[in-house]
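Undergrad: take this sequence and fold it.
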Amino acid sequence: MHAYSTYTVKKWDEKPYEEISSSMKMTKATVEFEMNGDLTGKASVEYLMFYKHFDEKDQHKASAVYTGLMRFTGSVNGKAGSFVMQDNGSFEGGTAKSALQIISGSGTEELKSISGSGNYIANQDGFNIELDYLLSS
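TA: This next block holds a predicted model:
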């Protein structure tokens, strides 16, 4: 099955935990998203990020890689519950791109047996997420 949604950032709290140079650092971010579409609900994620290049004056010029664990709570095509995804991505040229993997055994309620993978893209044109998933009985 396939699910497509748009999302908005509701919270972004990012703090450096290691300054490597004036333009290179490692950070941790606590983030919350609101999703609308085939996925309707909220997602909370903890990101660890490495900035290969960071420009204090224009954050959209940054170059970074990140990994996180994202918990989605809501419904997928009308089925309610929650699940956790591993999120691995990069930020280049003002665009964040991520590969998502649903963690086996993390589903609850009607999404208890969910498995699959997906991706998201976030840039000035919008915030979109897609999942290809299975729900076994």
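Undergrad: and the helices in this protein, which stretches?
TA: Applying DSSP state H to the chain gives no helices.
Undergrad: can you give me the strands for the protein?
TA: Remark: strands assigned in the chain by DSSP state E are 2-19, 25-37, 39-53, 63-76, 79-92, 95-102, 114-123, 126-135.
Undergrad: for those, which one sits closest to residue 108?
TA: Within the strands of the chain, the stretch nearest residue 108 is strand 79-92; the backing value is 4.5 Å (Cβ to Cβ). All C-beta spots, glycine's among them, are computed from the backbone N, C-alpha and C.
Undergrad: strands paired with that closest one, and their directions?
TA: Partner strands for strand 79-92, per DSSP bridges, with pairing direction: strand 63-76 (antiparallel), strand 95-102 (antiparallel).
Undergrad: who touches that strand?
TA: Contacts to strand 79-92, defined as Cβ atoms under 8 Å, 6 or more residues apart in numbering, come from residues 45, 47, 62-75, 96-103, 106-112, 114, 118, 120, 135.
Undergrad: quick check on those residues: which are buried?
TA: 45, 47, 62-64, 66, 68, 70-75, 98, 100, 102, 106-107, 111, 114, 118, 120, 135 (16 or more other Cβ atoms under 10 Å).
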